[in-house]
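**Student:** What follows is a predicted protein model with its sequence.
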Amino acid sequence: MAEKKYIGRKFEALHRSRELAVQFLYSMDICPGQDFGESLELFLNLDELTQEDTPEVKARCRELVSQVWSRRSEIDGVLLRVVTGWRPERMVSVDRTILRLMLLEAFMLKTLPVRAAITEASNLADDFGTKDSPRFVNGVMHKAARYFEEQS
C-alpha cells in the first residue's frame, strides 16, 4: 500500500510540473520578446510556488520548459505534418502549448508512454483550454501517435 501512495505522489508531482510548464510556456507564447531565462527565474520564484511546490516539481518544470523552448521549431514541424488545416500559429495558444509539451515528452524524449501522454494532454486541455480544447488536443495526439508509428 505504501508503494501505491508513493506512485500517487510521484504522479501528482509530475502532473504539477506539467501544469506549471503549461502556464509558463503559455505566458512566453502570448508575450513574445521576454527573456526566457529571466522570466523562468521570476516564475519559479513566485511566492505561491515557493510555498506550495517542491524543489523537485520546479526542477522538472525547468527541464520541461527548457526542452520545449529550445525545440519548439522542431515540435511545430511535427504539428505541421499531423494537423491539417491548422498552422501552429493559428491554434489556440494554450492548445499549442500543451501539444508542444506532450509531443516532446511522448515522442521526442520518450519519457512518457504515448497513452499516458494522450490522457495527460487531454486533462491539461480540460484544465486550461477552451471547451473544445480536450477534443482537439486528443485528436492531434492520436494523429501524432500514428505519424510516429509510421516513421519507425
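**Tutor:** Yes, it's here. Residues are numbered from 1 along each chain as shown.
**Student:** which other helices and strands contact the helix or strand that contains Arg72?
**Tutor:** Using DSSP states H and E, Arg72 maps to helix 55-82. Applying 3 or more Cβ pairs under 8 Å, 6 or more residues apart in numbering; DSSP states H and E, one finds that helix 55-82 contacts helix 2-30, helix 36-44, helix 93-103, helix 133-151. Bear in mind the C-beta positions are built from the backbone N, C-alpha and C, glycine included.
**Student:** Can I get the shortest one as PDB, trimmed to CA atoms?
**Tutor:** Pointing back at helix 36-44 there. Coordinates of each C-alpha in helix 36-44 appear next as PDB, following Å, rounded to 0.1, in the frame of the first residue of the first chain:
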ATOM      1  CA  PHE A  36      13.500  33.200 -21.300                       C
ATOM      2  CA  GLY A  37      16.000  32.700 -18.500                       C
ATOM      3  CA  GLU A  38      15.000  35.800 -16.600                       C
ATOM      4  CA  SER A  39      11.300  35.100 -17.000                       C
ATOM      5  CA  LEU A  40      11.700  31.500 -15.800                       C
ATOM      6  CA  GLU A  41      13.600  32.500 -12.700                       C
ATOM      7  CA  LEU A  42      10.900  35.100 -11.800                       C
ATOM      8  CA  PHE A  43       8.200  32.500 -12.500                       C
ATOM      9  CA  LEU A  44       9.800  29.700 -10.400                       C
END
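**Student:** what residues does that helix touch?
**Tutor:** Leu20, Gln23, Phe24, Ser27, Met28, Leu49, Lys58, Cys61, Arg62, Val65, Ser66, Trp69 (Cβ atoms under 8 Å, 6 or more residues apart in numbering).
**Student:** wait, doesn't the third one sit right on Arg62?
**Tutor:** It refers to Phe24. No. In this structure, Phe24 is not within contact of Arg62 by Cβ atoms under 8 Å, at 9.2 Å.
**Student:** List the buried residues in stretch 28-44.
**Tutor:** Under the neighbour-count criterion of 16 or more other Cβ atoms under 10 Å, stretch 28-44 has Met28, Asp29, Leu40, Phe43, Leu44 buried.
**Student:** Just checking the distance from that stretch to the centre of its chain.
**Tutor:** Distance of stretch 28-44 from its chain centroid, counting by Cα atoms, centre = their mean, to the nearest Å, is 16 Å.
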